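Could you look at this predicted model? Sequence included:
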Amino acid sequence: MIVLDIETSGLDKVKCGIWQIGALDFYNPQNTFLEEARIDDEDIIADGALKVTGKTERELRDSNKQSQKQLLENFFRWCKKAEIKNCICQNPQFDLTFLEIKAKNYSLELPFHYRAFDLHSIASIIYYQANNKFLIEKDHSQMNLSNVLALCGIPDQRIHMEKGKILKQGRPHSALEDAKLTAECFSRLVYGESLLSEYRQFQIPQELVK
């Protein structure tokens, strides 16, 4: 299965661009993908995207980088080697739709299946089983990756933003780091065990141990 995360120039899937893709093969986690590209000239950039990634507009439009189309072609080629072509994402509605729109723009065929494993939903169900309620605040789910990490016993050392405001300072977001965190949480929630050596220092909560 392909554990996937993308970094974009904003949340608008039509008007913004993809500048970084990170992924790993869940059943062969040493097989990773991380590449960057310049966004297209017509792609817009949101201030929040620069804050959360620590990048500048110049870096996102760097003409020395490969094109966004080349980035997708390289990633799709990497995906074809995965034995199981379903994706695992924290928010597949965002990542996969973004990729689908860009692929259509460049006349590229998606290499993975349209069904995906949604980490948000898996974590929400396990949270409900332990607490007899969902993690709901202000009329919607709060099970973002930070709260999934907390559920899995892993501290979130990344910068945290909400509605364009920085709530907690930390490391800039990276697509491969977020893909690795997603994979580690999926493994802990589904199998009750750690997947990646860099997170084994963090004890798995007893309620997740199978």
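Here it is on my side, so go on. Residues are numbered from 1 along each chain as shown.

When you work out contacts or count neighbours from here on, use the C-alpha atoms and nothing else.
Fine.

what about Gln20, neighbour count?
By other Cα atoms under 10 Å, 23 other residues sit near Gln20.

Quickly find the element holding it.
strand 18-25 (DSSP states H and E).

next one: Lys51
Residue-wise, Lys51 maps onto helix 47-53 under DSSP H and E.

what sits up against the helix or strand following that helix?
Later in the chain than helix 47-53, the nearest helix or strand by DSSP H and E is helix 57-60. Residues from elsewhere that reach helix 57-60 (Cα atoms under 8 Å, 6 or more residues apart in numbering): Ser9, Trp19, Ala37, Arg38, Ile39, Ile45, Leu50.

Just the buried positions in the strand holding Gln20, please.
Ile18, Trp19, Gln20, Ile21, Gly22, Ala23, Leu24, Asp25 (16 or more other Cα atoms under 10 Å).

can you give me how far it is from the chain middle?
8 Å (Cα atoms, centre = their mean, to the nearest Å).

What of stretch 51-70?
18 Å.

So which bits of it are buried?
Lys51, Val52, Thr53, Glu57, Leu60, Arg61, Lys65, Ser67, Gln68, Lys69.

hmm, back to that, of all the buried residues of strand 18-25, which comes closest to Glu198?
Leu24 (14.5 Å; Cα to Cα).

Now do the contacts for that closest one.
Ile2, Val3, Leu4, Gln30, Asn31, Thr32, Phe33, Leu176, Ala179, Lys180.
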